[in-house]
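Participant: here is a sequence with its predicted model. Questions after.
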Amino acid sequence: MDQRIVYPVIIKEYNDEDGHYFVATSPNIKGMVTQGSTLNEAAYFSEDAIATMISDEKNYPEPMDPTEWELTENEKVVFVSVNMTQWLKKHGKTVRKNITIPEDLNNWAKENNINVSRVTTDALRALQR
């Protein structure tokens, strides 16, 4: 049977000099942040971001009850279902690495909703072949 966990995430809408986009964070998963150009896209990317952040843990964090969270006007709680069994079959255990990239590439990646971790992984897999 697949191990599924449903985590609440906070998705905040932005309209600023970087454009119009949505950023997802999770009080449950310290350091988890992802974004998308739409609310649905940010929720979709949250599944991978959560799974990546908790994949090396023996006991997954207990989902919090978001009913007492104080949200701003442009924030919403969205529940994200994470199928850890299927995710681990596809991706295996991950490790967290910090990388340094030029600021202009970072800005371009944000503007184009590029998941830098995914691009890095794909590039390394291509080199591995």
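Facilitator: On my side now, so go ahead.

Participant: rest of the way, CA atoms for contacts and neighbours
Facilitator: Will do.

Participant: quick one: buried residues of the top helix by length along the chain?
Facilitator: Determined from DSSP state H, the single longest helix within the chain is helix 39-54. Using 16 or more other C-alpha atoms under 10 Å as the test for burial, helix 39-54 gives 39, 41-54.

Participant: which pLDDT value goes with the spatially most central residue of the chain?
Facilitator: Centroid-nearest residue in the chain, with C-alpha atoms, centre = their mean: residue 49, separated by 2.7 Å. pLDDT, residue 49: 92.

Participant: and what of residue 12?
Facilitator: For residue 12, pLDDT reads 96.

Participant: so what's it up against?
Facilitator: 22-24, 74-76 (C-alpha atoms under 8 Å, 6 or more residues apart in numbering).

Participant: and the worst-scoring helix or strand of the chain on mean pLDDT, how far out from the chain's middle?
Facilitator: Within the chain, no helix or strand scores below helix 116-128, which has a mean of 82 by mean pLDDT, DSSP states H and E. For helix 116-128, the separation from the chain centroid amounts to 17 Å (computed by C-alpha atoms, centre = their mean, to the nearest Å).
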